[in-house]
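Trainee: Okay, here's the prediction I keep looking at, along with the sequence it came from:
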Amino acid sequence: MRRAILLTVVVVTALLLQSTVFPNATLLGAKPELMYLLAISFGALEGPASGAIAGFVGGMAQDFLLNQPKGITALTLTLLGYAIGMLRQFIVSPSPLLPVFLVAGGTFSGILFYGVVTFLLGQMDTSWLYQLRVAALSGLYNALLTPIAFPILRRAVEGSRSQRVFRW
Amino acid sequence: MAMRTRARSTRLLVVALVSASLVTITIDYRQGDGGPLAAAGDTALTLISPLQEAVSKVTQPIGNFFSTLVRLPSIRRELEDAREQIAEFRAEFGEVRSDQTRLAELEAILGLQDSLSRRLETLAAEVIAYSVSNFEWTIEIDHGSSDGVAEDMPVIASGGLAGHVVRTSPSSSVVRLIIDPDSAVAGRLEGSGEPGLLVGDGQDDLRMELVDADTDVMPDENVVTAGFSIPGVGPSLYPPNILIGTVSRVLSDEGALEKSITVRPAVDFSSLHVVLVVLSSGTG
(Lines give C-alpha, C1' and ligand atoms only; values in the text may rest on other atoms or scores of the structure.)
Protein backbone atom coordinates (compact mmCIF):
# COMPACT_ATOMS: atom_id res chain seq x y z
CA MET A 1 0.00 0.00 0.00
CA ARG A 2 2.77 2.41 0.99
CA ARG A 3 4.62 1.45 -2.18
CA ALA A 4 1.52 2.18 -4.32
CA ILE A 5 1.09 5.62 -2.73
CA LEU A 6 4.80 6.37 -3.21
CA LEU A 7 4.68 5.37 -6.87
CA THR A 8 1.56 7.50 -7.50
CA VAL A 9 3.11 10.57 -5.83
CA VAL A 10 6.42 10.16 -7.68
CA VAL A 11 4.75 9.61 -11.08
CA VAL A 12 2.39 12.62 -10.71
CA THR A 13 5.28 14.84 -9.54
CA ALA A 14 7.41 13.76 -12.50
CA LEU A 15 4.55 14.41 -14.95
CA LEU A 16 3.96 17.88 -13.50
CA LEU A 17 7.66 18.80 -13.65
CA GLN A 18 7.98 17.37 -17.16
CA SER A 19 5.03 19.40 -18.50
CA THR A 20 5.45 22.71 -16.65
CA VAL A 21 9.01 23.36 -15.44
CA PHE A 22 11.33 21.54 -17.87
CA PRO A 23 9.80 22.81 -21.16
CA ASN A 24 11.18 26.21 -20.10
CA ALA A 25 14.57 24.77 -19.17
CA THR A 26 15.63 22.64 -22.12
CA LEU A 27 19.11 21.40 -22.95
CA LEU A 28 19.73 22.52 -26.56
CA GLY A 29 15.99 22.12 -27.22
CA ALA A 30 15.54 18.75 -25.50
CA LYS A 31 13.59 18.10 -22.30
CA PRO A 32 14.73 15.45 -19.84
CA GLU A 33 12.70 12.22 -19.82
CA LEU A 34 11.76 11.94 -16.16
CA MET A 35 9.70 8.74 -16.59
CA TYR A 36 12.76 7.01 -18.02
CA LEU A 37 14.79 8.27 -15.04
CA LEU A 38 12.11 6.91 -12.72
CA ALA A 39 11.93 3.42 -14.27
CA ILE A 40 15.74 3.14 -14.34
CA SER A 41 16.06 4.32 -10.72
CA PHE A 42 13.43 1.85 -9.45
CA GLY A 43 15.09 -0.96 -11.43
CA ALA A 44 18.52 -0.10 -10.02
CA LEU A 45 17.28 0.33 -6.45
CA GLU A 46 14.72 -2.45 -6.10
CA GLY A 47 15.38 -4.97 -8.85
CA PRO A 48 13.71 -6.03 -12.10
CA ALA A 49 10.15 -6.51 -10.77
CA SER A 50 9.96 -3.01 -9.23
CA GLY A 51 11.63 -1.49 -12.30
CA ALA A 52 9.06 -3.11 -14.60
CA ILE A 53 6.08 -2.01 -12.45
CA ALA A 54 7.35 1.58 -12.08
CA GLY A 55 8.05 1.69 -15.84
CA PHE A 56 4.60 0.37 -16.72
CA VAL A 57 2.73 2.75 -14.38
CA GLY A 58 4.82 5.81 -15.30
CA GLY A 59 4.76 5.01 -19.02
CA MET A 60 1.00 4.44 -19.07
CA ALA A 61 0.39 7.71 -17.17
CA GLN A 62 2.52 9.60 -19.72
CA ASP A 63 0.81 7.85 -22.65
CA PHE A 64 -2.63 8.99 -21.51
CA LEU A 65 -1.51 12.62 -21.81
CA LEU A 66 -0.19 12.20 -25.37
CA ASN A 67 -2.02 12.19 -28.70
CA GLN A 68 -0.56 8.99 -30.09
CA PRO A 69 -1.42 5.30 -29.60
CA LYS A 70 -1.37 4.70 -25.86
CA GLY A 71 0.86 1.98 -24.49
CA ILE A 72 4.09 2.62 -26.45
CA THR A 73 5.84 4.42 -23.58
CA ALA A 74 4.47 1.82 -21.12
CA LEU A 75 5.92 -1.02 -23.23
CA THR A 76 9.29 0.75 -23.54
CA LEU A 77 9.60 1.58 -19.85
CA THR A 78 8.41 -1.84 -18.62
CA LEU A 79 11.24 -3.48 -20.57
CA LEU A 80 13.71 -0.73 -19.61
CA GLY A 81 12.97 -1.00 -15.85
CA TYR A 82 13.25 -4.80 -16.05
CA ALA A 83 16.48 -4.71 -18.09
CA ILE A 84 18.17 -2.24 -15.73
CA GLY A 85 17.06 -4.32 -12.72
CA MET A 86 18.57 -7.46 -14.28
CA LEU A 87 21.74 -5.64 -15.31
CA ARG A 88 22.20 -4.20 -11.82
CA GLN A 89 22.34 -7.73 -10.37
CA PHE A 90 25.49 -8.45 -12.35
CA ILE A 91 27.34 -5.21 -11.53
CA VAL A 92 29.26 -5.16 -8.28
CA SER A 93 30.89 -1.74 -8.71
CA PRO A 94 30.71 0.37 -5.55
CA SER A 95 31.15 3.55 -7.61
CA PRO A 96 28.72 6.34 -6.66
CA LEU A 97 28.69 7.28 -10.36
CA LEU A 98 27.11 3.96 -11.35
CA PRO A 99 23.49 5.31 -11.26
CA VAL A 100 24.57 8.23 -13.48
CA PHE A 101 25.93 5.86 -16.15
CA LEU A 102 22.94 3.53 -15.84
CA VAL A 103 20.55 6.48 -16.33
CA ALA A 104 22.52 7.93 -19.27
CA GLY A 105 22.82 4.60 -21.11
CA GLY A 106 19.30 3.45 -20.17
CA THR A 107 17.64 6.69 -21.34
CA PHE A 108 19.61 6.70 -24.61
CA SER A 109 18.74 3.08 -25.44
CA GLY A 110 15.14 3.45 -24.19
CA ILE A 111 14.42 6.44 -26.45
CA LEU A 112 15.91 4.64 -29.45
CA PHE A 113 13.74 1.57 -28.64
CA TYR A 114 10.70 3.90 -28.44
CA GLY A 115 11.69 5.27 -31.87
CA VAL A 116 11.86 1.74 -33.32
CA VAL A 117 8.40 0.86 -31.93
CA THR A 118 6.79 4.09 -33.25
CA PHE A 119 8.49 3.48 -36.61
CA LEU A 120 7.13 -0.08 -36.80
CA LEU A 121 3.63 1.19 -35.97
CA GLY A 122 3.92 3.89 -38.65
CA GLN A 123 3.64 6.61 -35.99
CA MET A 124 7.10 8.13 -36.34
CA ASP A 125 6.74 11.75 -37.45
CA THR A 126 10.33 12.88 -36.94
CA SER A 127 13.58 11.93 -38.63
CA TRP A 128 16.00 9.32 -37.24
CA LEU A 129 18.56 12.10 -36.84
CA TYR A 130 16.16 13.95 -34.52
CA GLN A 131 15.49 10.71 -32.56
CA LEU A 132 19.22 10.20 -32.12
CA ARG A 133 19.73 13.82 -31.06
CA VAL A 134 16.90 13.67 -28.48
CA ALA A 135 18.17 10.29 -27.19
CA ALA A 136 21.67 11.73 -26.66
CA LEU A 137 20.56 15.07 -25.17
CA SER A 138 17.83 13.62 -22.93
CA GLY A 139 20.26 10.90 -21.80
CA LEU A 140 22.74 13.60 -20.86
CA TYR A 141 20.06 15.76 -19.18
CA ASN A 142 18.74 12.77 -17.18
CA ALA A 143 22.32 11.91 -16.16
CA LEU A 144 22.82 15.49 -14.91
CA LEU A 145 19.62 15.24 -12.87
CA THR A 146 20.53 11.84 -11.38
CA PRO A 147 22.75 13.15 -8.52
CA ILE A 148 19.69 15.12 -7.30
CA ALA A 149 16.86 12.71 -8.15
CA PHE A 150 18.47 9.35 -7.31
CA PRO A 151 19.23 10.02 -3.59
CA ILE A 152 15.69 11.44 -3.13
CA LEU A 153 14.15 8.34 -4.73
CA ARG A 154 16.42 6.03 -2.70
CA ARG A 155 15.32 7.63 0.57
CA ALA A 156 11.68 7.52 -0.49
CA VAL A 157 11.91 3.86 -1.52
CA GLU A 158 13.71 2.87 1.69
CA GLY A 159 11.12 4.75 3.74
CA SER A 160 8.26 2.96 2.02
CA ARG A 161 9.56 -0.58 2.68
CA SER A 162 7.24 -2.50 4.96
CA GLN A 163 8.54 -2.34 8.51
CA ARG A 164 9.21 -5.70 10.12
CA VAL A 165 8.30 -5.95 13.77
CA PHE A 166 10.57 -8.10 15.89
CA ARG A 167 9.35 -9.26 19.28
CA TRP A 168 11.71 -10.66 21.79
CA MET B 1 14.97 -22.71 -4.90
CA ALA B 2 13.36 -19.52 -3.55
CA MET B 3 15.60 -17.47 -5.87
CA ARG B 4 14.47 -19.48 -8.90
CA THR B 5 10.79 -19.10 -7.96
CA ARG B 6 11.28 -15.34 -7.54
CA ALA B 7 13.00 -15.04 -10.93
CA ARG B 8 10.16 -16.98 -12.55
CA SER B 9 7.47 -14.80 -10.94
CA THR B 10 9.36 -11.66 -12.08
CA ARG B 11 9.44 -12.99 -15.63
CA LEU B 12 5.71 -13.74 -15.46
CA LEU B 13 5.06 -10.21 -14.18
CA VAL B 14 7.05 -8.66 -17.04
CA VAL B 15 5.29 -10.83 -19.62
CA ALA B 16 1.92 -9.75 -18.14
CA LEU B 17 2.87 -6.04 -18.21
CA VAL B 18 4.25 -6.24 -21.76
CA SER B 19 1.07 -8.04 -22.89
CA ALA B 20 -1.07 -5.35 -21.19
CA SER B 21 0.93 -2.65 -23.06
CA LEU B 22 0.52 -4.45 -26.39
CA VAL B 23 -3.23 -4.89 -25.83
CA THR B 24 -3.53 -1.18 -24.98
CA ILE B 25 -1.61 -0.19 -28.15
CA THR B 26 -3.80 -2.46 -30.28
CA ILE B 27 -7.12 -1.28 -28.81
CA ASP B 28 -6.16 2.40 -29.04
CA TYR B 29 -4.77 1.98 -32.57
CA ARG B 30 -7.97 0.33 -33.81
CA GLN B 31 -10.47 2.60 -32.03
CA GLY B 32 -8.77 5.97 -32.63
CA ASP B 33 -10.26 9.09 -31.05
CA GLY B 34 -13.67 7.59 -30.31
CA GLY B 35 -12.69 4.63 -28.12
CA PRO B 36 -12.84 4.16 -24.34
CA LEU B 37 -9.09 4.74 -24.05
CA ALA B 38 -9.43 8.19 -25.65
CA ALA B 39 -12.15 8.96 -23.07
CA ALA B 40 -9.78 7.78 -20.31
CA GLY B 41 -7.14 10.13 -21.76
CA ASP B 42 -9.59 13.05 -21.51
CA THR B 43 -10.29 12.08 -17.88
CA ALA B 44 -6.53 12.05 -17.17
CA LEU B 45 -6.34 15.55 -18.70
CA THR B 46 -9.24 16.73 -16.51
CA LEU B 47 -7.54 15.38 -13.38
CA ILE B 48 -4.05 16.71 -14.02
CA SER B 49 -4.81 20.15 -15.52
CA PRO B 50 -5.72 21.86 -12.17
CA LEU B 51 -2.41 20.60 -10.72
CA GLN B 52 -0.50 21.79 -13.81
CA GLU B 53 -2.17 25.20 -13.55
CA ALA B 54 -1.18 25.51 -9.89
CA VAL B 55 2.43 24.44 -10.51
CA SER B 56 2.65 26.71 -13.55
CA LYS B 57 1.39 29.72 -11.54
CA VAL B 58 4.10 29.14 -8.93
CA THR B 59 7.02 28.31 -11.22
CA GLN B 60 6.36 30.62 -14.19
CA PRO B 61 7.44 33.90 -12.52
CA ILE B 62 10.68 32.23 -11.37
CA GLY B 63 11.28 30.78 -14.84
CA ASN B 64 10.47 34.13 -16.46
CA PHE B 65 12.99 35.89 -14.23
CA PHE B 66 15.82 33.55 -15.25
CA SER B 67 14.89 33.46 -18.94
CA THR B 68 14.70 37.28 -18.96
CA LEU B 69 18.21 37.43 -17.48
CA VAL B 70 19.50 35.13 -20.23
CA ARG B 71 17.68 37.05 -22.97
CA LEU B 72 18.61 40.53 -21.69
CA PRO B 73 20.91 41.50 -24.61
CA SER B 74 18.38 40.37 -27.24
CA ILE B 75 15.53 42.11 -25.36
CA ARG B 76 17.46 45.40 -25.54
CA ARG B 77 17.93 44.92 -29.28
CA GLU B 78 14.22 44.11 -29.72
CA LEU B 79 13.31 47.27 -27.78
CA GLU B 80 15.38 49.41 -30.13
CA ASP B 81 13.83 47.71 -33.16
CA ALA B 82 10.35 48.23 -31.68
CA ARG B 83 11.04 51.97 -31.15
CA GLU B 84 12.12 52.32 -34.78
CA GLN B 85 9.02 50.48 -35.93
CA ILE B 86 6.74 52.73 -33.85
CA ALA B 87 8.27 55.79 -35.53
CA GLU B 88 7.68 54.23 -38.97
CA PHE B 89 4.10 53.24 -38.12
CA ARG B 90 3.33 56.75 -36.89
CA ALA B 91 4.49 58.13 -40.21
CA GLU B 92 2.36 55.62 -42.11
CA PHE B 93 -0.69 56.02 -39.88
CA GLY B 94 -1.96 59.26 -41.42
CA GLU B 95 -1.70 57.77 -44.90
CA VAL B 96 -3.54 54.58 -43.89
CA ARG B 97 -6.37 56.51 -42.24
CA SER B 98 -7.19 58.39 -45.41
CA ASP B 99 -6.99 55.13 -47.40
CA GLN B 100 -9.36 53.46 -44.92
CA THR B 101 -11.96 56.17 -45.30
CA ARG B 102 -11.85 55.74 -49.05
CA LEU B 103 -11.97 51.93 -48.73
CA ALA B 104 -15.03 52.13 -46.46
CA GLU B 105 -16.82 54.24 -49.04
CA LEU B 106 -16.00 51.75 -51.81
CA GLU B 107 -17.05 48.76 -49.69
CA ALA B 108 -20.35 50.38 -48.88
CA ILE B 109 -20.91 50.90 -52.55
CA LEU B 110 -20.17 47.27 -53.36
CA GLY B 111 -22.27 45.97 -50.46
CA LEU B 112 -19.33 44.08 -48.99
CA GLN B 113 -19.16 45.91 -45.72
CA ASP B 114 -21.03 43.28 -43.70
CA SER B 115 -18.89 40.38 -44.76
CA LEU B 116 -15.58 42.20 -44.31
CA SER B 117 -16.29 43.85 -40.97
CA ARG B 118 -17.38 40.58 -39.40
CA ARG B 119 -15.14 40.24 -36.37
CA LEU B 120 -13.86 36.91 -35.16
CA GLU B 121 -15.09 36.00 -31.70
CA THR B 122 -12.07 35.07 -29.58
CA LEU B 123 -11.29 33.91 -26.05
CA ALA B 124 -8.00 34.70 -24.31
CA ALA B 125 -6.39 31.71 -22.60
CA GLU B 126 -3.26 31.17 -20.57
CA VAL B 127 -0.75 28.41 -21.35
CA ILE B 128 -0.59 26.11 -18.30
CA ALA B 129 1.56 23.25 -19.59
CA TYR B 130 3.49 21.86 -22.54
CA SER B 131 3.70 18.33 -23.93
CA VAL B 132 5.40 15.78 -21.69
CA SER B 133 7.10 14.27 -24.75
CA ASN B 134 10.07 15.38 -26.83
CA PHE B 135 8.26 14.09 -29.93
CA GLU B 136 5.03 16.08 -29.75
CA TRP B 137 4.60 19.86 -29.97
CA THR B 138 1.44 20.76 -28.06
CA ILE B 139 0.40 23.20 -25.35
CA GLU B 140 -2.32 23.00 -22.72
CA ILE B 141 -4.51 26.05 -22.08
CA ASP B 142 -6.68 26.96 -19.09
CA HIS B 143 -10.05 27.02 -20.91
CA GLY B 144 -12.07 24.01 -22.00
CA SER B 145 -15.46 22.81 -23.22
CA SER B 146 -17.33 24.63 -20.42
CA ASP B 147 -16.01 27.94 -21.84
CA GLY B 148 -17.15 27.07 -25.35
CA VAL B 149 -13.82 25.70 -26.62
CA ALA B 150 -14.24 22.77 -29.02
CA GLU B 151 -11.99 20.55 -31.09
CA ASP B 152 -10.57 22.01 -34.34
CA MET B 153 -10.91 25.64 -33.18
CA PRO B 154 -7.99 27.78 -34.43
CA VAL B 155 -5.60 29.30 -31.89
CA ILE B 156 -3.69 32.55 -32.46
CA ALA B 157 -0.76 33.95 -30.49
CA SER B 158 0.92 37.32 -30.53
CA GLY B 159 2.57 37.45 -33.94
CA GLY B 160 0.44 34.97 -35.83
CA LEU B 161 -1.10 31.53 -36.07
CA ALA B 162 -0.27 29.09 -33.23
CA GLY B 163 -2.30 25.93 -33.98
CA HIS B 164 -5.67 24.31 -33.34
CA VAL B 165 -7.48 22.56 -30.49
CA VAL B 166 -7.21 18.74 -30.58
CA ARG B 167 -8.58 17.68 -27.17
CA THR B 168 -10.81 19.31 -24.60
CA SER B 169 -11.79 18.68 -21.01
CA PRO B 170 -14.30 20.89 -19.13
CA SER B 171 -11.60 23.23 -17.83
CA SER B 172 -8.61 22.78 -20.16
CA SER B 173 -7.72 22.02 -23.76
CA VAL B 174 -4.76 20.69 -25.70
CA VAL B 175 -3.62 22.71 -28.72
CA ARG B 176 -1.50 21.12 -31.47
CA LEU B 177 1.04 23.74 -32.58
CA ILE B 178 1.68 24.35 -36.28
CA ILE B 179 5.28 23.13 -35.79
CA ASP B 180 4.05 19.63 -34.82
CA PRO B 181 4.83 17.13 -37.62
CA ASP B 182 1.14 16.07 -37.59
CA SER B 183 0.01 19.64 -38.35
CA ALA B 184 -0.81 20.81 -41.88
CA VAL B 185 -2.11 24.33 -42.61
CA ALA B 186 -3.38 25.63 -45.93
CA GLY B 187 -1.44 28.84 -46.55
CA ARG B 188 -0.62 31.21 -49.40
CA LEU B 189 2.31 33.40 -50.32
CA GLU B 190 1.25 36.99 -49.77
CA GLY B 191 3.07 38.37 -52.83
CA SER B 192 1.99 35.96 -55.55
CA GLY B 193 -1.11 34.57 -53.82
CA GLU B 194 0.12 31.05 -54.65
CA PRO B 195 -1.34 28.48 -52.23
CA GLY B 196 0.56 25.68 -50.50
CA LEU B 197 0.46 23.35 -47.54
CA LEU B 198 2.54 24.20 -44.46
CA VAL B 199 3.69 21.09 -42.64
CA GLY B 200 5.36 21.19 -39.20
CA ASP B 201 8.91 19.91 -38.75
CA GLY B 202 9.42 20.12 -34.99
CA GLN B 203 12.05 22.63 -33.98
CA ASP B 204 13.01 23.33 -37.60
CA ASP B 205 11.17 25.76 -39.89
CA LEU B 206 7.83 24.75 -41.47
CA ARG B 207 7.93 23.12 -44.91
CA MET B 208 5.70 24.72 -47.56
CA GLU B 209 4.62 22.01 -49.96
CA LEU B 210 2.58 21.84 -53.19
CA VAL B 211 3.86 25.22 -54.46
CA ASP B 212 4.22 25.29 -58.24
CA ALA B 213 7.86 25.27 -59.44
CA ASP B 214 7.28 28.36 -61.62
CA THR B 215 6.15 30.55 -58.72
CA ASP B 216 8.28 33.58 -57.86
CA VAL B 217 9.09 33.45 -54.16
CA MET B 218 10.88 36.29 -52.38
CA PRO B 219 13.02 35.74 -49.27
CA ASP B 220 11.25 37.08 -46.16
CA GLU B 221 7.91 37.09 -48.03
CA ASN B 222 4.94 36.70 -45.68
CA VAL B 223 2.91 33.49 -45.70
CA VAL B 224 -0.69 33.79 -44.45
CA THR B 225 -3.53 31.34 -43.93
CA ALA B 226 -5.43 30.62 -47.14
CA GLY B 227 -8.78 30.02 -45.46
CA PHE B 228 -9.98 27.77 -48.26
CA SER B 229 -9.72 24.10 -49.03
CA ILE B 230 -6.92 22.51 -51.00
CA PRO B 231 -8.04 19.62 -53.23
CA GLY B 232 -7.25 16.29 -51.58
CA VAL B 233 -6.51 17.91 -48.22
CA GLY B 234 -9.92 19.10 -47.11
CA PRO B 235 -11.33 22.40 -45.84
CA SER B 236 -9.11 24.74 -43.86
CA LEU B 237 -9.72 25.03 -40.13
CA TYR B 238 -8.30 28.52 -40.08
CA PRO B 239 -9.77 31.92 -40.98
CA PRO B 240 -8.02 33.62 -43.93
CA ASN B 241 -5.15 36.14 -43.80
CA ILE B 242 -3.63 35.25 -40.43
CA LEU B 243 0.15 35.52 -40.56
CA ILE B 244 1.88 32.12 -40.35
CA GLY B 245 5.48 33.20 -40.90
CA THR B 246 8.05 34.42 -43.41
CA VAL B 247 9.91 32.53 -46.13
CA SER B 248 13.32 31.56 -44.79
CA ARG B 249 14.75 29.44 -47.62
CA VAL B 250 13.84 28.70 -51.23
CA LEU B 251 15.46 25.90 -53.15
CA SER B 252 14.83 25.65 -56.86
CA ASP B 253 15.54 22.25 -58.29
CA GLU B 254 15.41 22.14 -62.06
CA GLY B 255 13.02 19.48 -63.20
CA ALA B 256 11.15 19.36 -59.89
CA LEU B 257 7.38 19.79 -60.01
CA GLU B 258 7.18 21.88 -56.88
CA LYS B 259 9.35 24.44 -55.11
CA SER B 260 11.11 23.52 -51.89
CA ILE B 261 10.29 26.31 -49.43
CA THR B 262 10.82 26.61 -45.68
CA VAL B 263 8.91 29.13 -43.59
CA ARG B 264 10.03 30.55 -40.23
CA PRO B 265 6.94 30.78 -37.94
CA ALA B 266 5.93 34.28 -36.84
CA VAL B 267 5.18 33.03 -33.32
CA ASP B 268 8.00 32.36 -30.87
CA PHE B 269 6.88 28.96 -29.58
CA SER B 270 9.59 28.81 -26.92
CA SER B 271 7.90 31.54 -24.88
CA LEU B 272 4.15 31.20 -25.32
CA HIS B 273 2.18 32.45 -22.35
CA VAL B 274 -1.15 33.80 -23.63
CA VAL B 275 -3.10 32.74 -26.75
CA LEU B 276 -6.46 33.52 -28.36
CA VAL B 277 -8.90 30.76 -29.22
CA VAL B 278 -11.06 31.68 -32.25
CA LEU B 279 -14.55 30.60 -31.17
CA SER B 280 -16.28 31.31 -34.47
CA SER B 281 -15.32 28.83 -37.16
CA GLY B 282 -13.13 29.65 -40.15
CA THR B 283 -14.44 30.21 -43.60
CA GLY B 284 -14.27 26.49 -44.39
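Mentor: Yep, that arrived.
Trainee: where does chain B have low pLDDT?
Mentor: Flagging of chain B using pLDDT under 70 yields the residue ranges B:1-3, B:66-67, B:91, B:93-99, B:101-119, B:228-235, B:281-284.
Trainee: just checking, B:Ser260 touches B:Asp253?
Mentor: Yes: the criterion here is C-beta atoms under 8 Å, and B:Ser260 meets it with B:Asp253 at 6.5 Å. Just so you know, the C-beta spots here come from the backbone N, C-alpha and C atoms, and that holds for glycine as well.
Trainee: Which residue of the two possesses the greater neighbour count?
Mentor: Between B:Ser260 and B:Asp253, counting by other C-beta atoms under 10 Å in any protein chain shown, B:Ser260 is the more crowded of the two (15 against 10).
Trainee: now the strands: where do they sit in chain A?
Mentor: Counting by DSSP state E, no segments of chain A form strands.
Trainee: Run through the residues that contact B:Arg207.
Mentor: For B:Arg207, the contacting residues are B:Leu198, B:Val199, B:Asp201, B:Ser260, B:Ile261, B:Thr262, B:Val263, taking C-beta atoms under 8 Å, 6 or more residues apart in numbering or on different chains as the criterion.
Trainee: Which of the residues you listed has the largest number of neighbours?
Mentor: The most crowded member of the contacts of B:Arg207, judged by other C-beta under 10 Å, is B:Leu198 (29 neighbours).
Trainee: Buried residues, the longest helix seen in chain A. List them.
Mentor: Ranked by residue count, the top helix of chain A under DSSP state H comes out as helix A:128-160. Neighbour counts over helix A:128-160 (16 or more other C-beta atoms under 10 Å in any protein chain shown) mark A:130-131, A:133-143, A:145-146, A:149-150, A:153, A:157, A:160 as buried.
Trainee: circling back to that earlier point, output the contacts of B:Arg207 as a markdown table; include the columns secondary structure.
Mentor: Written out in a markdown table, the entries for the contacts of B:Arg207 read as follows (DSSP: H, G, I helix; E, B strand; the rest coil):
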| residue | secondary structure |
| --- | --- |
| B:Leu198 | strand |
| B:Val199 | strand |
| B:Asp201 | coil |
| B:Ser260 | strand |
| B:Ile261 | strand |
| B:Thr262 | strand |
| B:Val263 | strand |
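Trainee: And these, which is closest to A:Gly29?
Mentor: Within the contacts of B:Arg207, distances to A:Gly29 taken as C-beta to C-beta reach their minimum at B:Asp201, with 13.0 Å.
Trainee: How about the secondary structure of the residue nearest to the closest one when sequence neighbours are not counted?
Mentor: Leaving aside its chain neighbours, B:Asp201 sits nearest to B:Arg207 (5.6 Å; criterion: C-beta to C-beta, 6 or more residues apart in numbering or on different chains). In three-state terms, and counting by three-state DSSP, B:Arg207 is strand.
Trainee: can you pull up the bridge partners for B:Arg207?
Mentor: Beta-bridge pairing of B:Arg207, defined through DSSP bridges, involves B:Val199, B:Thr262.
Trainee: Can you tell me how far it is from chain A?
Mentor: From B:Arg207 across to chain A, the span is 12 Å (C-beta to the nearest C-beta, to the nearest Å).
Trainee: just the strands in the stretch 51-200 of chain B please.
Mentor: Counting by DSSP state E, counting those that start in this stretch, one finds strands in the stretch 51-200 of chain B at the ranges B:122-130, B:138-141, B:154-157, B:160-168, B:173-177, B:184-189, B:195-199.
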